[in-house]
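# Just to be clear, the model below is a prediction. Sequence and coordinates:
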Amino acid sequence: MAQERRLPSVLERMWGREPVTRRGPRPRLDLAAITAAAIEIADAEGLAGVSMAAVASRVGVAATALYRYVDSKEDLLTAMADGVAPPPPEPAGMHWRDYLALWTRTHRDLVLEHPWVLSVGAFVPPLGPRRLLWLDRVLASLDGTGLDDGEKINVATTLTGYALTDAAIIHSARSGDPQMEDAAITGAADYGEVLAGLLDPEAYPALSAAMRSGAMRGAEGWVDDADFVFGLDLLLDGVEALIRRRAPGPA
């Protein structure tokens with residue numbers, strides 16, 4: 001008989017599986033309150049402002065009191081990465097493609113609202129209850145498409161990666177990079193002009209030709225929504241093609 005895997009204590013608390021004791025006074029705090037306070041600090045000051053002492057001060061306890069709920073700052077970050085996620089959109093009544101488009105955009109926008117998430121294991125497979133709810137809704141939206149469960153999970157993983165990558169690019173552009181500013185690069189068109197001057201057509205024939213043709217001039221900065229939609233449509237077209245391949249052929 002396989003032995004049941006033991007979860008880290010912070011995950012046990014996140015899932016409400018920690019044993020409840022009836023002895024002693026009722027605790028003043030819980031993990032949800034601590035996590036909410038840490039998220040508020042991260043939103044205002046970035047992850048650099050999140051410390052056990054800062055969180056304890058915000059909730060009005062000594063820092064040592066937090067260790068009853070989280071064993072380390074790493075545990076706190078784990079709880080934050082899950083706790084920041086709101087309920088996902090519901091797929092009921094939506095075509096799978098419309099739902100996945102909404103799901104991916106909402107995911108991207110959530111990360112842009114809380115960009116510190118990009119530094120807290122954003123690409124780690126979810127284990128918390130809130131992030132797993134997002135995964136569940138993608139699987140539900142693909143019911144009846146003919147995809148197997150593994151393929152549905154791969155669709156969710158691909159769309160998550162796209163949402164996170166787009167959010168990272170937009171956040172980087174909004175934050176500004178000293179090297180880009182020094183080169184007077186403020187958008188995609190400027191970037192294309194710089195590359196056109198840098199690239200050796202013999203070493204980079206295809207890329208050089210694309211930049212010299214003005215391929216980047218049509219983009220409105222780095223956060224043009226048309227770019228996001230273009231990439232998302234490519235991915236959803238691929239999902240649609242896979243669904244067609246899985247459809248039963250004529251008898």
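Yep, it's here. Note that the structure is a prediction, hence the values are computed from the model and not measured.
# List the buried residues of the longest helix along the chain.
Longest helix of the chain, by residue count under DSSP state H: helix 149-175. By neighbour count on 16 or more other Cβ atoms under 10 Å, the buried set for helix 149-175 is 151-153, 155-156, 159-160, 162-164, 166-168, 170, 173. Glycine gets a C-beta too; all of them are placed from N, C-alpha and C.
# and for the strand or helix carrying A65, what are the contacting residues?
Per DSSP states H and E, A65 falls inside helix 63-66. Residues outside helix 63-66 that contact it (Cβ atoms under 8 Å, 6 or more residues apart in numbering) are L29, I34, M52, A53, V55, A56, L76.
# So what touches the helix or strand just after that helix?
Counting by DSSP H and E, the next helix or strand C-terminal to helix 63-66 is helix 73-83. Applying Cβ under 8 Å, 6+ apart, the external contacts of helix 73-83 come out as 8-11, 13-14, 31-32, 34-36, 38-39, 42, 47, 50-52, 55, 66, 70, 117, 120-122, 126-131.
# what's the answer for stretch 202-221, then?
173, 186-189, 191-193, 195-196, 199-201, 226-227.
# From the residues you listed, list the buried ones, please.
Buried, going by 16+ other Cβ under 10 Å: A173, G187, A188, A189, Y191, G192, E193, L195, A196, L199, D227, out of these.
# Check what pLDDT the fourth one gets.
To tie it back to what came earlier, the one meant is A189. Listed pLDDT for A189 reads 72.
# Which of the helices or strands spans it?
Counting by DSSP H and E, A189 is part of helix 188-198.
# what bits of the stretch 101-250 of the chain have low per-residue confidence?
122, 176-188, 217-224, 249-250 (pLDDT under 70).
# All the helices of it, in order from the start?
Taking DSSP state H, counting those that start in this stretch to define them, one finds helices in the stretch 101-250 of the chain at 129-141, 149-175, 178-182, 188-198, 205-212, 225-246.
# Tell me how the protein divides into domains.
9-83, 96-186+221-246 (automatic domain parsing).
# Save those domains as JSON lines, and put in distance to A215 too.
Formatted as JSON lines, the domains of the chain follow (distance: least, Cβ to Cβ, whole Å):
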{"stretch": "domain 9-83", "distance to A215": "35"}
{"stretch": "domain 96-186+221-246", "distance to A215": "12"}
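# quick check: angle from the longest helix of the chain to helix 188-198?
Between helix 149-175 and helix 188-198, the angle comes out at 90 degrees (axes from the mean of the first three to the mean of the last three Cα atoms, to 10 degrees).
# for the chain, which residue is closest to the average position?
Centroid-nearest residue in the chain, with Cα atoms, centre = their mean: L164, separated by 4.6 Å.
# And that residue, how close does it get to L132?
Between L164 and L132 the computed distance is 17 Å (Cβ to Cβ, to the nearest Å).
# Also L235?
22 Å.
# Please give the number of neighbouring residues around the spatially closest residue to P86 that is not a sequence neighbour.
Leaving aside its chain neighbours, P86 sits nearest to L110 (7.2 Å; criterion: Cβ to Cβ, 6 or more residues apart in numbering). Counted with other Cβ atoms under 10 Å, residues neighbouring L110 total 17.
# Contacts only, for L110.
V84, A85, P86, V117.
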